[in-house]
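Q: build me a model from this:
(one chain, ligands or ions: 1)
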Amino acid sequence: MATPLAPEPDWIRVRASGKINLALRVGAVRPTGYHPLATVFQSVSLFDEIAVRWSEPGRFSVTVVGEQADQVPCDDRNLAVRAARLLAEHYGPNRLGAEIVVRKTIPVAGGMAGGSADAAGTLLACSVLWDLDTTPDDLRTFGAMLGADVPFQLMGGTALGTGRGDELMPVLSRGTYHWVLALSEDELPTPAVFRRFDELNPDAPAELPLPTGVLNALVAGDAAALGAALVNDLQPAAAAMRPGLVRILQTGTELGALGAIVSGAGPTCAFLAANEAAAVDLSVQLSSQGLCRAVRRVMGPVPGARLITA
Ligand code: ATP
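A: Purely as a prediction, here's the structure:
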């Protein structure tokens, strides 16, 4: 078989980006088990690639390659398989099937919604492969059934998320932001971080304020103001579970970052640099400290899941 992710006529290929949360305000857990969120997502240039081709009806398989591939389930728990099955159940349960290949670059269980990116990419890829009559809104509705981050991973760019994070509104964001990411050796399971958040915040509010500091900085295209406004209510919980994160955040700040934040539920840490040259400098210096598994330089905002046509 030819390399599955090479341009091949049988395969539909999609590139799906990772995200960071520039603001993540978390409220008191609801009786349904969900936490209300007020978050600002930004897609960044760290990409998984998803390739799909026809398989016999009712057959769905996934192969995962690339970074940390061994940490991703390759059965029906895989979010890419769940996405393909969900679409097939709706549009042609006895007619549709897919072979899926995922090339991971987005850290697994790293707080960058990599699984959600793969789900978003698979929804898009399968809708094209199977020639389905779906609108972007339809895909977002299916996405929300798979996970709260999936609608944003379809959309990309910069957006305000409320509700569970899946009620989205695009946000005006001027300019390009240069980020340095410190990727961790360990995973940090999101549900466990939320549980720790509940323990640490017995009086979390029911209603959340809009993260106006971040929104205003984005409208102004002011990187220094954005760095100062970054906020993540899950950060104390993530740091309580991985005390090493405090040192990483502190080190990035001492090395000149405009802002430092745990991404989502962690453990990836994101540092905002003043410009590209500052990001190069910061990434080199941070790497030499040996505090994390890897350092990546990324830009945002970038689009969400998109077809690769070349
Ligand atoms: P989030 O911030 O959306 O909670 P995350 O970025 O911290 O998620 P993911 O990389 O999405 O974490 O992975 C969470 C878990 O989902 C993993 O531990 C893995 O077992 C499972 N998983 C299922 N499908 C995938 C996939 N395609 N890629 C990565 N993880 C997957």
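Q: residues contacting Ala88?
A: Gly58, Phe60, Arg95, Leu96, Gly97, Ala98, Cys126, Trp130 (CB atoms under 8 Å, 6 or more residues apart in numbering). Every residue, glycine included, has its C-beta placed from N, CA and C.
Q: wait, Pro209 sits on Ala38?
A: Yes. With contacts counted by CB atoms under 8 Å, Pro209 reaches Ala38, the gap being 7.0 Å.
Q: who's more crowded, those two?
A: Higher neighbour count among Pro209 and Ala38: Ala38, with 20 against 8, using other CB atoms under 10 Å.
Q: pLDDT wise, what is the more buried one at?
A: According to the prediction, Ala38 has pLDDT 97.
Q: what about Pro301, neighbour count?
A: Using other CB under 10 Å, Pro301 has 22 other residues around it.
Q: relative to Leu181, how far out is it?
A: Pro301 sits at a distance of 15 Å from Leu181 (criterion: CB to CB, to the nearest Å).
Q: got any ranges where the protein has weak pLDDT?
A: Within the chain, the ranges that satisfy pLDDT under 70 run 1-8, 310.
Q: can you rerun that using 80?
A: Applying pLDDT under 80 to the chain picks out residues 1-9, 310.
Q: contacting residues around the residue in it that the ligand sits nearest to?
A: Using CB to the nearest ligand atom, the single residue of the chain nearest to the ligand is Gly115, 2.7 Å away. Shown in contact with Gly115 (CB under 8 Å, 6+ apart): Val72, Leu79, Val108, Gly147.
Q: kindly report the same for Gly121.
A: By CB under 8 Å, 6+ apart, the residues touching Gly121 are Val14, Arg15, Ala16, Asp48, Glu49, Ile50, Ala80, Gln153, Ala305.
Q: ok, Gly156 next?
A: By CB under 8 Å, 6+ apart, the contact list for Gly156 reads Ser17, Ser43, Pro301, Val302, Pro303, Gly304, Ala305, Arg306.
Q: interface residues of the stretch 101-250 of the chain facing the ligand?
A: Neighbours of the ligand within the stretch 101-250 of the chain, by CB under 6 Å from any ligand atom: 102, 108-116, 118, 149, 187, 190.
Q: ranking by neighbours, what's the top pick from the residues you listed?
A: Using other CB under 10 Å as the neighbour test, these are led by Asp118, with 32 neighbours.
Q: any chance you could map the helices in the stretch 51-200 of the chain?
A: Using DSSP state H, counting those that start in this stretch, the helices of the stretch 51-200 of the chain run over 79-91, 114-129, 136-146, 150-155, 190-200.
Q: please apply the same query to the stretch 201-310 of the chain.
A: Taking DSSP H, counting those that start in this stretch, the helices of the stretch 201-310 of the chain run over residues 212-220, 223-229, 235-241, 244-254, 276-289.
Q: okay if I get these as JSON lines plus mean neighbour count?
A: Output for the helices of the stretch 201-310 of the chain, formatted as JSON lines (neighbours: other CB atoms under 10 Å):
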{"stretch": "helix 212-220", "mean neighbour count": "18"}
{"stretch": "helix 223-229", "mean neighbour count": "19"}
{"stretch": "helix 235-241", "mean neighbour count": "20"}
{"stretch": "helix 244-254", "mean neighbour count": "18"}
{"stretch": "helix 276-289", "mean neighbour count": "16"}
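Q: adding distance to Ser263, write the ones you listed out as CSV.
A: Output for the helices of the stretch 201-310 of the chain, formatted as CSV (distance: least, CB to CB, whole Å):
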stretch, distance to Ser263
helix 212-220, 14
helix 223-229, 15
helix 235-241, 9
helix 244-254, 11
helix 276-289, 15
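Q: between those helices, which gets nearest to Val64?
A: helix 235-241 (25.1 Å; CB to CB).
Q: got the contacts of Gly121 as TSV, with neighbour count columns?
A: Below are those laid out as TSV (neighbours: other CB under 10 Å):
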residue	neighbour count
Val14	24
Arg15	21
Ala16	33
Asp48	26
Glu49	21
Ile50	32
Ala80	31
Gln153	32
Ala305	29
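Q: between the helices of the stretch 201-310 of the chain, which one is closest to Val65.
A: Val65 lies closest to helix 276-289 among the helices of the stretch 201-310 of the chain, at 24.5 Å (CB to CB).
Q: now the closest one against helix 244-254, angle please.
A: Inter-element angle recorded for helix 276-289 and helix 244-254: 140 degrees (by axes from the mean of the first three to the mean of the last three CA atoms, to 10 degrees).
Q: ok, Asp75 to Ala223 distance?
A: Asp75 is 43 Å from Ala223, by CB to CB.
Q: which ones are touching whatever residue is furthest in space from the centre of the chain?
A: For the chain, the largest distance from the centre (CA atoms, centre = their mean) belongs to Asn94, which lies 32.1 Å off. Taking CB under 8 Å, 6+ apart, we find Asn94 in contact with Pro57, Gly58.
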